[in-house]
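Engineer: this one's structure only:
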């Protein structure tokens with residue numbers, strides 16, 4: 001059994017490397033038309049350059065997973081801006097895509113919590129579709145629309161899960177088919193647990209990105225050992241092995257909050273279950289220390305009996 005590791009968005013080990021430099025709409029409004037165009041290009045160029053820095057860093061450390069920032073393009077979906085962020089940067093987008101393919105990296109996006117398909121308000125669903133289109137357009141610009149995945153949560157329950165879930169399935173029909181093909185769903189820490197999310201995934205033929213920390217904060221009725229084979233089954237038609245989100249609680253009082261690093265003891269019961277199943281998986285580390293947390297967890301686990309480090313970013317479990 002092999003586990004590959006990755007992290008989210010920004011390698012904090014690098015100096016001033018955020019790929020999510022921003023331009024607020026308030027600031028945008030204060031600029032002249034010429035200044036607006038120049039600022040959009042400037043910030044996007046910087047974010048694309050920083051994304052490349054991150055990818056080269058990952059390649060150097062043999063970290064094969066990476067979650068791209070959703071904020072590479074400022075004001076990309078703002079209704080009063082909606083600008084062409086592809087044409088001016090065709091070379092940069094393509095360079096990112098070529099690097100990902102050449103090094104066989106696994107990349108993804110994770111839109112924010114407002115990208116949901118459970119709302120009774122048509123406008124919110126339309127905004128969700130718009131945001132999914134934005135992420136897909138970035139993959140298209142990179143030439144990665146067949147490789148990348150876009151992960152979201154089901155969304156809010158609005159006081160009644162039994163009514164909300166059918167609305168989720170109905171609202172999801174407004175999402176273009178090609179985007180739904182690269183979509184995944186994740187269980188959350190308060191509302192839809194792993195079992196409920198799994199049922200939605202099975203109905204829609206969508207892979208489930210299992211979050212162990214969220215699961216421990218929002219347990220399912222069925223035991224995890226019964227759910228895991230079904231969860232992994234949702235990946236049978238996917239291009240990758242199952243992806244799992246890994247983090248550990250900040251403390252008992254703030255259990256849902258992510259700690260800076262991952263406590264191996266917290267995830268050990270889960271690792272025991274994975275070892276019994278013997279399936280290769282990918283771990284996306286969601287700890288606050290990002291790349292440093294991923295590399296430290298690899299080191300921590302490699303010291304344990306039965307865990308052998310086989311590259312800078314992967315472990316073999318026997």
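Structural biologist: Ah, there it is. Source: prediction; values computed, not measured.
Engineer: show me what the helix ranked longest in the chain is packed against.
Structural biologist: As assigned by DSSP state H, the longest helix anywhere in the chain is helix 33-61. Contact analysis of helix 33-61 by 3 or more CB pairs under 8 Å, 6 or more residues apart in numbering; DSSP states H and E lists helix 25-29, strand 65-67, helix 90-102, helix 290-302 as its packing neighbours. No exception for glycine: its C-beta is placed from N, CA and C like everyone else's.
Engineer: tell me the angle it makes with helix 290-302.
Structural biologist: Computed with axes from the mean of the first three to the mean of the last three CA atoms, to 10 degrees, the direction of helix 33-61 lies at 10 degrees from that of helix 290-302.
Engineer: quick check: buried residues in helix 33-61?
Structural biologist: Of the residues in helix 33-61, 36, 39-40, 43-44, 47-48, 50-51, 53-55, 57-59, 61 count as buried by neighbour count, 16 or more other CB atoms under 10 Å.
Engineer: and these, which two are furthest apart?
Structural biologist: When CB to CB is used, the two most widely separated members of these are 36 and 61, lying 37.9 Å apart.
Engineer: the stretch 101-250 of the chain: strands as residue ranges?
Structural biologist: With DSSP state E, counting those that start in this stretch as the definition, the stretch 101-250 of the chain shows strands at residue ranges 106-109, 149-153, 183-186, 208-211, 243-246.
Engineer: in its sheet, which strands sit next to the fourth one, and in what direction?
Structural biologist: Meaning strand 208-211. The sheet places strand 208-211 alongside strand 183-186 (parallel), strand 243-246 (parallel), with pairing taken from DSSP bridges.
Engineer: save those strands as TSV, and put in mean pLDDT and mean neighbour count too.
Structural biologist: Rendered in TSV, the data for the strands paired with strand 208-211 read as follows (pLDDT from 0 to 100; neighbours: other CB atoms under 10 Å):
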stretch	mean pLDDT	mean neighbour count
strand 183-186	98	20
strand 243-246	98	24
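Engineer: in JSON lines, list those strands along with distance to residue 7.
Structural biologist: Compiled in JSON lines, the strands paired with strand 208-211 are given as follows (distance: least, CB to CB, whole Å):
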{"stretch": "strand 183-186", "distance to residue 7": "16"}
{"stretch": "strand 243-246", "distance to residue 7": "10"}
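Engineer: could you export the helices and strands packed on helix 33-61 as JSON lines, including distance to residue 224?
Structural biologist: Below are the helices and strands packed on helix 33-61 laid out as JSON lines (distance: least, CB to CB, whole Å):
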{"stretch": "helix 25-29", "distance to residue 224": "43"}
{"stretch": "strand 65-67", "distance to residue 224": "22"}
{"stretch": "helix 90-102", "distance to residue 224": "32"}
{"stretch": "helix 290-302", "distance to residue 224": "20"}
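Engineer: tell me which of the ones you listed sits most buried.
Structural biologist: Of all those, strand 65-67 has the most neighbours on average by mean count of other CB atoms under 10 Å, namely a mean of 23.
Engineer: what mean pLDDT does that one get?
Structural biologist: The predicted model gives strand 65-67 an average pLDDT of 98.
Engineer: repeat that for stretch 300-310.
Structural biologist: Along stretch 300-310, the predicted local confidence has a mean pLDDT of 97.
Engineer: on that earlier part again, which of the helices and strands packed on helix 33-61 sits closest to residue 205?
Structural biologist: With CB to CB as the yardstick, what comes closest out of these is strand 65-67 (23.0 Å).
Engineer: which neighbouring elements make contact with the closest one?
Structural biologist: Contact partners of strand 65-67 among helices and strands, from 3+ CB pairs under 8 Å, 6+ apart: strand 2-8, helix 33-61, strand 106-109, strand 281-285.
Engineer: so for residue 95, which of these sits nearest?
Structural biologist: Across those, residue 95 has its closest neighbour in helix 33-61 (6.6 Å, CB to CB).
Engineer: what is the burial count for the spatially closest residue to residue 312 that is not a sequence neighbour?
Structural biologist: In this structure, residue 312 finds its nearest non-sequential neighbour in residue 62, 3.3 Å apart by CB to CB, 6 or more residues apart in numbering. For residue 62, the tally of surrounding residues (other CB atoms under 10 Å) stands at 15.
Engineer: next: residue 145.
Structural biologist: Neighbouring residues of residue 145 were enumerated by other CB under 10 Å; the total is 17.
Engineer: leaving out sequence neighbours, find the closest residue to it.
Structural biologist: Leaving out its chain neighbours, the residue that sits closest to residue 145 by CB to CB, 6+ apart is residue 139, at 4.5 Å.
Engineer: OK, contacts around that neighbour?
Structural biologist: With contact set as CB atoms under 8 Å, 6 or more residues apart in numbering, residue 139 has these partners: 109, 145, 147, 148, 150, 182.
Engineer: do that again at 10 Å, thanks
Structural biologist: Taking CB atoms under 10 Å, 6 or more residues apart in numbering as the criterion, residue 139 is in contact with 68, 93, 97, 107-109, 145-150, 179, 182.
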